[in-house]
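**Student:** starting from these lines, generate the structure:
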Amino acid sequence: MSGDSRYHLAIYNFGLHVGPEGDPAVEGFVLREPANFEAAARASGFIGRSGYRGVPGPRSWGPQVFPRFILGSGFDSAPSSLSVWKDIESLMAFAYSGVHADALKHARNWNVKPDWPPLVLWWVDGRHIPDWSEGVERLEYLHDNGATARAFTFKEPFAADGEAYTIDRQRVRSIAEANSRGQADLLAHVQSLKV
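**Tutor:** Numbering: from 1, shown residues only. Below you'll find the model as predicted:
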């Protein structure tokens, strides 16, 4: 198990789209977003996610801010998400299978190729809800310092105690299989959508 039950795994991701909101080039992303949020909510190990101010759904975990990588892009906001999970295996099972994997497969159509890490993982006390600025700080730290127990990736994971961690791939597969049974309708829906 990747973490002590007193700790949860936070993930923040950030990207830049190839066009502004409303641009047909990013319509495929926009169409899939509600299904991705629903798939996460149905996934084993999901604890919660931040919403966005002014958008129906969960409340925002503080004011939404963006990493310095947005500077010079011409955008004043960008696709990003912030959520908390039980452990690394649960998050990985969601991220790389089913509905979210379908979105990842098409991401190059919607997103600018980043020269920053697209996501960052870190452990939080189980009673702590991370805010957007915390996610931004961790992503920038990962970019500047590489993976450490403070800010890491699936490729170089750490346990909640700060030690390097080996992901249990068999457990990831088992969770993904269990998730797929409760998300078949969502997967069929996103597979019917425009890219």
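
**Student:** and H128, that's in a helix?
**Tutor:** No. The assignment for H128, made by DSSP: H, G, I helix; E, B strand; the rest coil, is coil rather than a helix.

**Student:** report pLDDT for it.
**Tutor:** H128 carries a pLDDT value of 96.

**Student:** how many neighbouring residues does it have?
**Tutor:** Using other Cβ atoms under 10 Å, H128 has 13 other residues around it. Every residue, glycine included, has its C-beta placed from N, CA and C.

**Student:** go on, G146?
**Tutor:** If you count neighbours by other Cβ under 10 Å, G146 ends up with 12.

**Student:** from V136, how far off is the residue lying closest to I129 once chain neighbours are set aside?
**Tutor:** Nearest non-adjacent residue to I129, counting by Cβ to Cβ, 6 or more residues apart in numbering: W61, 5.6 Å away. Noted for W61: a distance of 12 Å to V136, by Cβ to Cβ, to the nearest Å.

**Student:** may I have the beta-bridge partners of W122?
**Tutor:** A10 (DSSP bridges).

**Student:** and the strands in the protein?
**Tutor:** All strands of the chain, identified by DSSP state E, fall at 7-14, 46-49, 80-85, 119-125.

**Student:** any chance of those in a markdown table, plus mean pLDDT, distance to G72 and mean neighbour count?
**Tutor:** Shown next, in a markdown table, are those (pLDDT from 0 to 100; distance: least, Cβ to Cβ, whole Å; neighbours: other Cβ atoms under 10 Å):
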| stretch | mean pLDDT | distance to G72 | mean neighbour count |
| --- | --- | --- | --- |
| strand 7-14 | 98 | 15 | 22 |
| strand 46-49 | 98 | 28 | 16 |
| strand 80-85 | 98 | 17 | 23 |
| strand 119-125 | 98 | 21 | 21 |
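
**Student:** turn these into CSV, including distance to V195.
**Tutor:** Output for the strands of the chain, formatted as CSV (distance: least, Cβ to Cβ, whole Å):
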stretch, distance to V195
strand 7-14, 20
strand 46-49, 24
strand 80-85, 20
strand 119-125, 22
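
**Student:** among those, which is nearest A184?
**Tutor:** Among those, strand 46-49 comes nearest to A184, with 17.5 Å by Cβ to Cβ.

**Student:** for that closest one, name the packing helices and strands.
**Tutor:** Applying 3 or more Cβ pairs under 8 Å, 6 or more residues apart in numbering; DSSP states H and E, one finds that strand 46-49 contacts helix 27-42, strand 80-85.

**Student:** spit out the contact partners of the residue nearest to I129.
**Tutor:** With contact set as Cβ atoms under 8 Å, 6 or more residues apart in numbering, W61 has these partners: 50, 82, 129-132.

**Student:** distance of it from P130?
**Tutor:** For W61, the distance to P130 equals 7 Å [Cβ to Cβ].

**Student:** Q183 too?
**Tutor:** For Q183, the distance to P130 - Cβ to Cβ - is 25 Å.

**Student:** contact partners for W110?
**Tutor:** 17-18, 25-26, 28-29.

**Student:** much appreciated, bye for now.
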